[in-house]
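Engineer: Predicted model, plus sequence, below.
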Amino acid sequence: MDIITLFGLIFIGGILLLIITIPIVEYNKNEKQPVITTDAVLLTKSTQQLGRGFSSYHLTFEITSKERISLKVDHQKYALFIEGDKGTLTYQGSRFITFERVVD
């Protein structure tokens, strides 16, 4: 096996290890955080193109402490809300749990 093939295998193995490890680390970090429920306003919705046909969806909320929190959600949850919605947000670390809109 030549050095270029060996380097390629190590590189691909490292990428695969990161792909597997990063979600596990994030999951464990979120599990150690408290579940928080607070009043919030949905400030912005955003998407990020990750490649051909893949997107990442984020909702940014302002909570009662005036802190802004951006949470990743799936497409179905992303489509449910509009900017300016007010309600009760429940989250754990960086994990979105629910957002229940309040009708004025």
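Structural biologist: Received the coordinates, thanks. Residues are numbered from 1 along each chain as shown.
Engineer: hey, let's count contacts and neighbours off CA atoms from now on
Structural biologist: Will do.
Engineer: Direction included, what does the longest strand anywhere in the chain pair against?
Structural biologist: Of all the segments of type strand in the chain, defined by DSSP state E, the longest one is strand 35-51. Sheet pairing for strand 35-51, assigned by DSSP bridges, gives strand 54-63 (antiparallel), strand 86-92 (antiparallel).
Engineer: Of all the residues in the first one, which ones are buried?
Structural biologist: Of the residues in strand 54-63, 57, 58, 59, 60, 61, 62, 63 count as buried by neighbour count, 16 or more other CA atoms under 10 Å.
Engineer: SS state for the residue most central in space within the chain?
Structural biologist: When the chain is reduced to its mean C-alpha position, the nearest residue by CA atoms, centre = their mean turns out to be residue 72, at 2.4 Å. Going by DSSP: H, G, I helix; E, B strand; the rest coil, the secondary structure assigned to residue 72 is strand.
Engineer: Who's the closest spatial neighbour of it, skipping the chain neighbours?
Structural biologist: Sequence neighbours aside, residue 58 is the residue nearest to residue 72 in space, at 4.4 Å (criterion: CA to CA, 6 or more residues apart in numbering).
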